[in-house]
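Asker: need a structure here:
(2 chains)
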Amino acid sequence: MARFEEMSLLLQKGKAKDLAAMVQEALANGTPAKDILNESLVVGMGAVGERFKKNEVFVPEVLIAARAMNMALNVLKPALAESGVEPVGTALICTVKGDLHDIGKNLVKMMIEGTGIRVIDLGVDCAPETIVAAIKEHNADIVCLSALLTTTMISQKDTIEAIKAAGLRDKVKVMVGGAPVTQAFADEIGADAYTSDAASAAERARAFFA
Amino acid sequence: MNSRENALAILNYEKHTALPVVSFGYWPETTEKWCKEGYITKEESDSYIHEGDNSVGDQSIMKKLGFDFNWNSCIPGKNLFDPPIPGVVLEEKEDGSQIIRDGFGLICRVRPGTVSIPEHIGTALTGREAWEELYLPRLQMHADRVNREVFAALPAPADRSYPIGFHAGSLIGQMRNMLGVEELSYLYVDDEELYVEIVDTICGLGYEVAKGVMETGVTFDYAHFWEDICYKNGPLVSPAVFEELIGPWYKKMTDLFTAHGIKIVSVDCDGWIDSLVPIWLENGVNTMFPIEVGTWGGNIGDWRAKYGPQIRGVGGMNKNVFSRDKKAVEEEIERLKKLIDLGGYLPCPDHRIAPDAKFELVAYYCELLRKLS
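Answerer: Residues are numbered from 1 along each chain as shown, chains lettered A, B, ... in the order given. As a prediction, this is how the structure comes out:
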């Protein structure tokens, strides 16, 4: 009998090595990879996300949980691929042109990965044309644009304009976030979604595939 | 009463004759832009960029804009690395960028021509061995860390036109600068013993330096910490860890300041700081700065309702209005009026003024604020 709850708790406490070992053990005992993913890892990350939204835990707890999740996913991936489990979709994520501050972007990336979406991290300071090219290359379903500064948030608008000009706007959902970004700004520039924190971003991204 | 006397009177809920117009400086790109636009001279801009807050250039720029003084007019002891960690270029990239190790041991990518916070990609503080070799020897107390000549040269309180603070450094922000947010979080889980040792080393040195400075007999108008350990959704350190490990060091240092007659202790922390505020208050830090308004609506009024007059503030003026128009400035002044009436509060731009600011709107803000006196 796989110890799903125990694995979920290890993830929530950020005990990455212990979690990876337990996942390995569960696989060796014949537990389906999909069950480990859905019954322990996704559940655990969801619990962290909920507590984060309620301000019961903060960035450090999310970071250590996400690191544990990623380590466990690395153990699971071969088994998931073998059993035909595919990501539900693909998201691109980056900070926009001129912006090098990527803590928020990294958090959102890890949280979205925890929902079963493949995330391609384009890094920082991404020009609109780079993002447009990446949408085509990876056949992306979602683009997540992060900006820390009031002076760079305008690049989110430029990127959306470039996506429109490339004829891709109807093919991708655009999510925006970052310290100075608001729902009003997201509406003004024509983004599909704005969320105020990483956990909400992951939820919203997953909802696009519902 | 001059600006110093008025500022201290306001923060201590005492009678005053005028509301000082307080500054928190500018981005270097802002003074460069204002220089190109002809509002300030190249000498003023260069002086500010190279010598910083309260330099000759800053004094001159403040005078042109209408500010009375910069809250960051603080004199530090030497509680950083001594000797400094040498910055080194680790790699030259084909695109012209460089991978460097900076003065905190952080590994960063520096891109030519890009104006932003450097891109942090790693740290040299990879474990105990690196700590003991590169960092620990540079964080030891010695007499030269207290620059007696600098403190002896400070004007006596009665001769000061603006308040002069002691810059007490950082108790956790410096550790964040050494590790980055992610590695700071991981280290607590991976090696709690080392985490605690680093905290105690940095804080212990900060205390010894502060003690040495206080023992020179110089009188300060306030003490000031910086942390920058929060962002838009809260702290970048667990409040429980902050309370357990950092809180006692704050208490020890603020007790020292109190014993030397310092009543106002401020902390510079950007972001949504609400979950750390009670820990600071409990441990003797009574003035929040720069009270970023942000998307979360930070303001002294909400804290005053919750914590009473023990909490003071400097900041809370939404600097984003400087990129808009006169009407936006007037509306911001109207919002501030109610907060000023609470007492114990000095309005000040909620961070350094960014390059999108229009010089004439900053001057207009100063003019309107002065009229409130």
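Asker: CA only for contacts and neighbour counts going forward, please
Answerer: Fine.
Asker: isn't B:V56 right next to B:E43, touching?
Answerer: No: in this structure B:V56 lies outside contact range of B:E43 using Cα atoms under 8 Å: 9.5 Å.
Asker: the two: which has the busier surroundings?
Answerer: Set side by side, B:V56 and B:E43 show more neighbours around B:V56, with 15 against 12, by other Cα atoms under 10 Å in any protein chain shown.
Asker: show me the contacts for that one.
Answerer: When contacts are counted by Cα atoms under 8 Å, 6 or more residues apart in numbering or on different chains, B:V56 touches B:E44, B:S47, B:Y48.
Asker: got the phi and psi for B:M288?
Answerer: phi -90, psi 140 (degrees, to the nearest 10).
Asker: rounded mean pLDDT for stretch A:26-42, please.
Answerer: In this model, stretch A:26-42 has an average pLDDT of 92.
Asker: also stretch B:219-234?
Answerer: So the average pLDDT for stretch B:219-234 ends up being 94.
Asker: next, see if the lengthiest helix in chain B gets close to chain A.
Answerer: Ranked by residue count under DSSP state H, the longest helix found in chain B is helix B:192-214. No: using Cα under 8 Å from any Cα of the partner chain, helix B:192-214 stays clear of chain A, coming no nearer than 13.1 Å.
Asker: neighbours around A:E82, how many?
Answerer: Counted with other Cα under 10 Å, residues neighbouring A:E82 total 9.
Asker: distance of it relative to A:K34?
Answerer: With the distance defined as Cα to Cα, to the nearest Å, A:E82 ends up 11 Å from A:K34.
Asker: try B:W27
Answerer: Look at B:W27 and A:K34: by Cα to Cα, they are 51 Å apart.
Asker: and what of B:I61?
Answerer: Here the criterion is Cα to Cα. By it, B:I61 lies 63 Å from A:K34.
Asker: looking at those two, which one has more neighbours?
Answerer: More neighbours sit around B:I61 than around the other of B:I61 and A:K34, counting by other Cα under 10 Å; the figures are 22 against 17.
Asker: next secondary structure after the helix or strand that contains the more buried one?
Answerer: When elements are defined using DSSP states H and E, B:I61 is found to belong to helix B:56-65. Stepping forward along the backbone from helix B:56-65, the first helix or strand reached (DSSP H and E) is strand B:69-70.
Asker: helices and strands around that next one, which ones?
Answerer: Other helices and strands packing on strand B:69-70, by 3 or more Cα pairs under 8 Å, 6 or more residues apart in numbering or on different chains; DSSP states H and E, are strand B:22-23.
Asker: and the strands in chain A?
Answerer: In order along the chain, chain A carries the following strands (DSSP state E): A:90-96, A:118-126, A:142-146, A:173-177, A:193-194.
Asker: can you redo these as JSON lines with distance to B:E334 and mean pLDDT?
Answerer: Formatted as JSON lines, those follow (distance: least, Cα to Cα, whole Å; pLDDT from 0 to 100):
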{"stretch": "strand A:90-96", "distance to B:E334": "35", "mean pLDDT": "96"}
{"stretch": "strand A:118-126", "distance to B:E334": "38", "mean pLDDT": "93"}
{"stretch": "strand A:142-146", "distance to B:E334": "32", "mean pLDDT": "97"}
{"stretch": "strand A:173-177", "distance to B:E334": "29", "mean pLDDT": "97"}
{"stretch": "strand A:193-194", "distance to B:E334": "30", "mean pLDDT": "96"}
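Asker: up against chain A, what does the stretch 201-350 of chain B have?
Answerer: Residues of the stretch 201-350 of chain B found near chain A, taking Cα under 8 Å from any Cα as the criterion, are B:Y231, B:K232, B:N233, B:G234, B:P235, B:L236, B:V237, B:S238, B:G294, B:T295.
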